[in-house]
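Student: sequence unknown, structure follows:
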């Protein structure tokens, strides 16, 4: 057989590389979003004041199935440019899905099409990684791929639409050992110390190095933060993107931080507040404040004044973040508190509570929450002026979505995705 000329080989190689890059772009499941609106959205748009709507189960991802229930993870991160929300965190401790993947996966809920999109199915016993020079887990060719990177999500997730990155604070989950025993190898844990998932060897567990899902590159990223400032460990924190600053606000262990995306640095503002472990929160862009709620205690952080102030107590104890969530309703300028399950002592506290920041007062909605079973999480869809609540049993794929509207808006809150 005659040899192929060198020039021809070069052309073939370049053509293959180009096609490979195109193929990689085609595989990005978020590349075509926002999706064409489905007929269910007309029902959402038609909702009246103080109303609930059951949307039912979303269409599963064709390969990886449904986004599963996740306890103590009451926040989904809304992405206005994608018309949906990100969803991740562990479920039942050490749970391995029927497809053989550990539940450190990442899903996206496409609100326009009412469907799940799997971005990352999770690690499996086939996963082989290594540590890079910073102690981060990467693939053998050097791409970031954190493992068991988020225990329960609490409120430690947010989305930056300007840079199109989903942000998670590293909160290592220790229940991976049985599901992923090969992980001990690349973590460098000696055999005589492999007793539980708390032995993480040379892994860099410093929370100041954020974890991103890069929408355009369709993969994880974890920038190394050289500056010493920033959180070392997470404490069931509240993380919120502040668009006016292109920064992320963080309340962690009573300390108030800002992460600057441009400089990849954290700033400790010096503002302090004492709030018990495990709380929920939301950002009020109208007033430049972040609200944080634990049980019945509400606090407000003023971005301009850099101060924390106690506010009116809620008429119900919201308990842990598996039982409640606080979302900001941009159309009305109110904070909406969902008490998903009430408490063991008083299940009657279950319901929807509205906080008026100007009056510093709470009211309870007369509309009863739908009768659901399972753990719940929520996000506010600004373009539709609707609060989406996902309910599923922990680690199970039996989830449904419900939608709540507080009040119809006089005008659109933000420009909806092009149809």
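Tutor: Cool, the structure landed. Just so you know, these numbers come straight off a predicted model, no measurement behind them.

Student: for the rest of this, base every contact and every neighbour count on C-alpha atoms.
Tutor: OK.

Student: beta-bridge partners for residue 219, please?
Tutor: Beta-bridge partners for residue 219, by DSSP bridges, are residue 214.

Student: that one against residue 211, yeah?
Tutor: No: proximity of residue 219 to residue 211 does not meet the contact threshold set by C-alpha atoms under 8 Å, at 10.7 Å.

Student: neighbour count winner among the two?
Tutor: residue 211 (24 against 16; other C-alpha atoms under 10 Å).

Student: next one: that one from residue 84, what distance?
Tutor: Separation of residue 211 from residue 84 (C-alpha to C-alpha, to the nearest Å): 20 Å.

Student: likewise for residue 391?
Tutor: Residue 391 is 16 Å from residue 84, where distance means C-alpha to C-alpha.

Student: can you check residue 292 too?
Tutor: Distance from residue 292 to residue 84, by C-alpha to C-alpha: 24 Å.

Student: quick one: which of those two has more around it?
Tutor: Neighbour tally, residue 292 and residue 84, criterion other C-alpha under 10 Å: the higher count belongs to residue 84, 27 against 23.

Student: what pLDDT does the model give residue 161?
Tutor: We note a pLDDT of 98 for residue 161 in this prediction.

Student: whoops, I mixed them up, residue 371
Tutor: 93.

Student: ok, residue 346 next?
Tutor: For residue 346, the predicted pLDDT is 82.

Student: over to residue 6?
Tutor: 45.

Student: repeat for residue 317
Tutor: 86.

Student: tell me which helix or strand residue 353 sits in.
Tutor: strand 351-356 (DSSP states H and E).

Student: torsion angles phi and psi at residue 195?
Tutor: phi -100, psi -30 (degrees, to the nearest 10).

Student: quick check: it vs residue 174, distance?
Tutor: 11 Å.

Student: out of those two, which sits in the busier spot?
Tutor: Set residue 195 next to residue 174 and count neighbours by other C-alpha under 10 Å: residue 174 wins out with 17 against 10.

Student: if I look at the residue nearest to that one when sequence neighbours are not counted, how far off is residue 139?
Tutor: Distances taken as C-alpha to C-alpha, 6 or more residues apart in numbering place residue 197 nearest to residue 174, at 4.4 Å, with adjacent residues excluded. In this view, residue 197 and residue 139 are 20 Å apart by C-alpha to C-alpha.

Student: between those two, point out the one with more neighbours.
Tutor: Neighbour count, other C-alpha under 10 Å: between residue 197 and residue 139, residue 197 has more, with 20 against 15.

Student: check contacts around that one.
Tutor: 173-177 (C-alpha atoms under 8 Å, 6 or more residues apart in numbering).

Student: list the beta-bridge partners for residue 239.
Tutor: Under the criterion used (DSSP bridges), residue 239 bridges to residue 250.

Student: poorly predicted segments of the stretch 201-350 of the chain, please.
Tutor: 319-321 (pLDDT under 70).

Student: can you do 90?
Tutor: 235-236, 275-278, 316-323, 341-348 (pLDDT under 90).
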